[in-house]
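[1] Sharing a model that was predicted from the sequence below.
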Amino acid sequence: METLTSGLGEYRFTDPDVIRAWMRDHKRREFVDKTLTEAEAVSRYVADGDYVSFDFSSFTRGPLALIREIIRQGRRDLWYCAKFTLMESTLLAAAGAVSRIDVGFMGLGDTLNRAVEAGGVKVTEWTNGTLTLRLLAGAMGVPFLPTRAMLGSDTLKYSGAKVVRDPYGGKPIALVPALNPDVGLVHVHQADVHGNARCFGPGVSPLETAMSARKVIVSADEIIDPDDIRKDPGKTTIPYYMVDAVVYAPFGAYPGGVQGLYEMDFEHFAEYNTLERQGKLKEYLDRYVYSMGSNTEMLEKRVGLERLNALRRRAVVREGYR
Amino acid sequence: MTSPFTEAEFMIAQCARLLEDQKTAFIGFGMPQVAAILAQRLQAPQLVQIFEFGAIGSEPLTPFVRNTMGGPSNCYRSLAWTSMNQIFAQAQLGLVDYGVLGATQMDLYGNINSTMLGEDYARPKKRFPGSGGANEVASYCWKTVVIMMHEKRRFVPRVDFVTSPGYLDGTPGARERAGLPAGTGPWRVVTSKALFGFDEDSRKMTLLGVLDGLRAEEVLADMDLKPLVAGRVESLAAPTEEELRILREQIDPTRTIIGRTARP
């Protein structure tokens, strides 16, 4: 296959046989209780320097409790898959946890943009779709997948994609390298203790995120009985053997919402936006992350039952989300 | 006699009028969402809205809620909930008629920049959030509509960075030569003052219409690039009472999107 051009961006790539061996050796097929606290799960499965990916966004079904725990534990030098990301990528950068970002769309506010301008965070250009396609390649165990996106653009020039001549049809086609993150984080509506997980509603890539990653932490708003999974298998989004840790995290997407369960907290985002614009995200992190020992403590002391109940009441559209 | 209206209201109404009933349309964040809902409330009740996180055929609840694009209000009464890989595959396959996007900066050939300003990629003078899903939308949809505030600095002869492809260098077949799906590309640019298309041969942006009461020269003076001008420049009607009523009473009563105006 003739290579026509190669993007200049740095990218993460792992030989599919290395990934296969990992999946053979580390993904447990035994039905064991994998529940951990968020502190235990992050301590065990997220290391400095890891490549991290997660599903959906800080507005909807994002793993915000796990993100806050990563910040609380002071992880450094993470490489981050920023597809469809908003508050989460900004908070990680404000906490100094990130050194590289694969950009689909980064950040809520200008904090990350300023960090890139100052050279504090390195970026490689991609798009939301091609980052998700890279996860699909990683999830399929193939080294790359073709796409007709990015062609002709500077996005491709500064990505890690290659343009080759399609060996069947003869036209130029872009190839994106498989992405197998060290860590995949997915917040779900329901999971059982073994890791079988259900998300309802549209999602960016819950299955690809879990399937492609070496270490997967699922946080769940509700823990359900394993027998419930077998009674309605069509609802299973992620099968248990892909999952390394299950964290019971009610309101685990807060301040975002989870469809059919609770709405996002607009007042909280307004507070965040104000602090972000004033360059005071350190204050935000002190208030909601560093001064709190857990997500539960944060919800109790910084949000409160009354407000959480109000967010539940605002979730009036429920059809399809169970 | 029409009521006073904001620049955003004009752009949204103008964009909504372009969208046809029973067609599929990839809808971007912000103004495109409001335009698509307005089109559904008027001439296109069965406009099939498609979002990058995988929702198909949503009939968003109003008032429109900014931010929660993937949430239950915006995804209300969808036909299907899929995923990002699935939905971009459908667009790549040719199933999506329109793409509707906002943009930071555009050049004469409709190339879109939402990545950075400056000469040197490694040292951006100003960094923006990046492509998001816009590159896919601009690459795959049959007709791309871009909504932009009509500000001089937004329309430049060459963008510093081609985030999402227009007609690239404007040479015949440039998109196809790059490998992009044949017969796609920017189709209309809706601004707060005018409507543009792209010339079939030169692929240059072409002034098609100006807001009723404005002169073509005024509109062109507010651009750093020099578009072609159609033989007959049409007069674009101001938002109607009905359009304004739906926008203000149903879709965006807090005026978060429709209240916007251009910077001087």
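    Everything's here; your move.
[2] Please make it C-alpha for all contacts and neighbour counts, starting now.
    Fine.
[3] which residues are in contact with stretch A:301-316?
    A:259, A:260, A:261, A:262, A:263, A:264, A:265, A:287, A:288, A:299 (Cα atoms under 8 Å, 6 or more residues apart in numbering or on different chains).
[4] since we're on residue 172, how many residues are nearby?
    By default, I'm working from chain A. Residue A:172 has 23 neighbours, counted by other Cα atoms under 10 Å in any protein chain shown.
[5] You answered for a different chain; I wanted chain B.
    For residue B:172, using other Cα under 10 Å, the count is 14.
[6] just to revisit the earlier point, now the contacts of stretch A:301-316: which count as buried?
    A:259, A:260, A:261, A:262, A:263, A:264, A:265, A:288, A:299 (16 or more other Cα atoms under 10 Å in any protein chain shown).
[7] Which residue ranges of chain B form helices?
    B:7-18, B:31-41, B:84-93, B:134-140, B:174-178, B:216-221, B:241-245 (DSSP state H).
[8] any idea which of the ones you listed is most buried?
    helix B:134-140 (a mean of 30; mean count of other Cα atoms under 10 Å in any protein chain shown).
[9] Quick check, residue A:153 in contact with residue B:162.
    Yes: using Cα atoms under 8 Å, residue A:153 makes contact with residue B:162 at a distance of 5.2 Å.
[10] More neighbours: which of these two?
    Just comparing residue A:153 and residue B:162: by other Cα under 10 Å the higher neighbour count belongs to residue B:162, 28 against 22.
[11] Which residues of the stretch 151-300 of chain A lie near chain B?
    A:151-155, A:171-173, A:201-205, A:257-260, A:264 (Cα under 8 Å from any Cα of the partner chain).
[12] Now with 7 Å, please.
    A:151-155, A:171-173, A:201-205, A:259 (Cα under 7 Å from any Cα of the partner chain).
[13] Tell me which stretches of the stretch 51-200 of chain B form strands.
    B:55-58, B:80-81, B:98-102, B:105-106, B:112-113, B:116-117, B:126-127, B:143-148, B:186-191, B:194-198 (DSSP state E, counting those that start in this stretch).
[14] Residue ranges in chain A under the pLDDT threshold?
    Along chain A, the model assigns pLDDT under 70 to no residue.
[15] Could you do chain B as well?
    Using pLDDT under 70, chain B drops low at B:1-2, B:263-264.
[16] max-length strand in it?
    strand B:228-236 (DSSP state E).
[17] Could you please name the strands it pairs with and the direction of each pair?
    In the sheet, strand B:228-236 lines up against strand B:205-211 (parallel) (DSSP bridges).
[18] Run through who's touching the partner strand.
    B:108-110, B:193-199, B:216, B:227-230, B:233-238 (Cα atoms under 7 Å, 6 or more residues apart in numbering or on different chains).
[19] what about 8 Å?
    The contact list for strand B:205-211, computed with Cα under 8 Å, 6+ apart, reads B:108-110, B:193-199, B:216, B:219, B:227-230, B:232-238.
[20] Give me the buried subset of these.
    B:108-110, B:193-199, B:216, B:219, B:227-229, B:233-236, B:238.
[21] thinking again about what came up before, okay, the strands of the stretch 51-200 of chain B in a markdown table with distance to residue A:32 next?
    Formatted as a markdown table, these follow (distance: least, Cα to Cα, whole Å):
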| stretch | distance to residue A:32 |
| --- | --- |
| strand B:55-58 | 35 |
| strand B:80-81 | 31 |
| strand B:98-102 | 47 |
| strand B:105-106 | 53 |
| strand B:112-113 | 50 |
| strand B:116-117 | 49 |
| strand B:126-127 | 47 |
| strand B:143-148 | 50 |
| strand B:186-191 | 54 |
| strand B:194-198 | 61 |
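[22] Packed most tightly, which of these would that be?
    When these are compared using mean count of other Cα under 10 Å, strand B:112-113 is most buried, at a mean of 30.
[23] list the helices and strands that one packs on?
    The elements that strand B:112-113 packs onto, with contact taken as 3 or more Cα pairs under 8 Å, 6 or more residues apart in numbering or on different chains; DSSP states H and E, are strand B:105-106.
[24] what separates the residue nearest to the spatial centre of chain B from residue B:164, distance-wise?
    By Cα atoms, centre = their mean, the mean C-alpha position of chain B lies nearest to residue B:146, the distance being 2.4 Å. Distance, residue B:146 to residue B:164, by Cα to Cα, to the nearest Å: 11 Å.
[25] Over to residue B:202?
    Residue B:202 is 19 Å from residue B:164, by Cα to Cα.
[26] Among the two, which residue is more densely surrounded?
    Counted by other Cα under 10 Å, residue B:202 and residue B:164 do not tie: residue B:164 has more neighbours, with 33 against 15.
[27] Verify the stated contact: the more buried one with residue B:112.
    Yes: with contacts counted by Cα under 8 Å, residue B:164 reaches residue B:112, the gap being 5.2 Å.
[28] Pull the most distant pair out of the buried ones among the contacts of stretch A:301-316.
    Taking Cα to Cα as the measure, the buried ones among the contacts of stretch A:301-316 span a maximum distance of 24.8 Å, between A:260 and A:288.
[29] Going along the chain, name the helices of the stretch 51-200 of chain A.
    Here the stretch 51-200 of chain A has its helices, by DSSP state H, counting those that start in this stretch, at A:64-72, A:87-94, A:111-117, A:128-140, A:154-157.
[30] possible to save those helices as TSV with distance to residue A:320?
    Output for the helices of the stretch 51-200 of chain A, formatted as TSV (distance: least, Cα to Cα, whole Å):
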stretch	distance to residue A:320
helix A:64-72	23
helix A:87-94	27
helix A:111-117	35
helix A:128-140	24
helix A:154-157	37
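[31] and the stretch 1-150 of chain B, which residues reach chain A?
    So the stretch 1-150 of chain B meets chain A at B:52-55, B:67-68, B:70-73, B:76, B:81-85, B:88, B:92, B:123-136, B:139-140 (Cα under 8 Å from any Cα).
[32] okay, the helices of the stretch 51-200 of chain A in JSON lines with mean neighbour count next?
    Formatted as JSON lines, those follow (neighbours: other Cα atoms under 10 Å in any protein chain shown):
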{"stretch": "helix A:64-72", "mean neighbour count": "24"}
{"stretch": "helix A:87-94", "mean neighbour count": "23"}
{"stretch": "helix A:111-117", "mean neighbour count": "20"}
{"stretch": "helix A:128-140", "mean neighbour count": "26"}
{"stretch": "helix A:154-157", "mean neighbour count": "25"}
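[33] What is the neighbour count of residue A:24?
    Quick note: residue A:24 (other Cα under 10 Å) scores 11 neighbours.
[34] element containing it?
    Element membership of residue A:24 [criterion: DSSP states H and E] is helix A:16-26.
[35] before we move on, back to that, out of the helices of chain B, which is closest to residue A:127?
    helix B:134-140 (6.7 Å).
[36] Does residue A:6 touch residue A:161 like I think?
    Yes: Residue A:6 lies in contact with residue A:161 (Cα under 8 Å); the separation is 6.2 Å.
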